[in-house]
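S.K.: the sequence and its predicted three-dimensional model are supplied below.
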Amino acid sequence: MNFFEVQVVYTRQTGEDNPCTVKESYLVEALTPSSAENRVIEEIKPIVSGQCDVLRIIQRKFYDLIPNSEGDYWYKARVEMITIEDSGRETRKGVIVYVQASSVKKAVKQLQMNLEQCDCELVSIAKTQILELYRDV
């Protein structure tokens, strides 16, 4: 299965006749970009008032995905996986891990807990614009 980041722009009703235009990103597990697009449009249809446009669809490749139902944000962490070869030479491979958490501090803690079996080093972590993850059931 593939993961796609789908960015959409649409008008949302915010209360008493106060529509506003929003731009949001979603991470979707899907077979194709078009099925990812359809999934996002179907999910947000109840809150859209007016036109919904897909701005871009990007396939995302990553090492791991760490969801957390208590998390409000998605963070993108760059991690170096460290291996020692038989010759004693150290090699490092950079990978991406997405972590859902309510703060950077909690994201780092959750990342460390999930990767404690691996010899790795956190290089960077940043909040993404991803609002929601939609996975195939």
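M.R.: That came in fine, so what should we check first?
S.K.: list the buried residues of stretch 3-17.
M.R.: Neighbour counts over stretch 3-17 (16 or more other C-beta atoms under 10 Å) mark 3-8, 10, 12 as buried. Using the backbone N, CA and C atoms, a C-beta is placed for each residue, glycine as well.
S.K.: report the two of those separated the most.
M.R.: Farthest pair in the buried residues of stretch 3-17 (C-beta to C-beta) is Phe3 and Arg12. Separation: 24.9 Å.
S.K.: can you count the residues close to the nearest residue to Ile82 once chain neighbours are set aside?
M.R.: Nearest residue to Ile82, sequence neighbours excluded (C-beta to C-beta, 6 or more residues apart in numbering): Asp119, at 4.5 Å. When neighbours are defined as other C-beta atoms under 10 Å, Asp119 has 13 of them.
S.K.: for Ser35, which three-state class applies?
M.R.: helix (DSSP: H, G, I helix; E, B strand; the rest coil).
S.K.: Ala77 and Ala107 touch, don't they?
M.R.: Yes: between Ala77 and Ala107 there is a contact under C-beta atoms under 8 Å: 7.2 Å.
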